[in-house]
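A.B. asks: Here is a sequence with its predicted model. Questions after.
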Amino acid sequence: MMEGNKLKITCLLHTWVGISRIRIYGTDMLEMKQECLECGCVLALDSNAKICSFECTYCEACAEKYDYKCKNCDGELVSRPKREKS
């Protein structure tokens, strides 16, 4: 019973802070958002997107515009891992 409550609280917290995770076989994975948070341009899975620790996602041009700082949390924007299309 306690484990179920912990899971619900974790899901609510993730929703509240804007973290979206996909859980496959018990492993958290990046959501790999496919559009820039700022300009809305399409970001392919193998594009040079930038993300913060909360997975806010930006295209290269918008990340540069904000000096590689997330406009939501002021965290550092780093290169998002690339994923091949499956």
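C.D. replies: Yes, it's here.
A.B. asks: Need phi/psi at residue 42.
C.D. replies: Phi and psi for residue 42, reported as degrees, to the nearest 10, are phi -80, psi 130.
A.B. asks: any idea how far residue 52 is from residue 77?
C.D. replies: 6 Å (C-beta to C-beta, to the nearest Å). In short, each C-beta sits where N, CA and C put it, glycine included.
A.B. asks: Quick check: neighbours shared by these two?
C.D. replies: Common neighbours of residue 77 and residue 52, counting by C-beta atoms under 8 Å, 6 or more residues apart in numbering, are residue 70.
A.B. asks: Show residues contacting stretch 65-73.
C.D. replies: 18, 37-38, 50, 52-54, 56, 58, 75-78.
A.B. asks: What subset of these is buried?
C.D. replies: 37-38, 50, 52, 56, 58, 77 (16 or more other C-beta atoms under 10 Å).
A.B. asks: I'd like those residues laid out as a markdown table, including secondary structure, distance to residue 67 and pLDDT.
C.D. replies: Shown next, in a markdown table, are the buried ones among the contacts of stretch 65-73 (DSSP: H, G, I helix; E, B strand; the rest coil; distance: C-beta to C-beta, whole Å; pLDDT from 0 to 100):
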| residue | secondary structure | distance to residue 67 | pLDDT |
| --- | --- | --- | --- |
| 37 | coil | 15 | 94 |
| 38 | coil | 13 | 95 |
| 50 | strand | 11 | 96 |
| 52 | coil | 13 | 94 |
| 56 | coil | 15 | 94 |
| 58 | strand | 12 | 97 |
| 77 | coil | 9 | 96 |
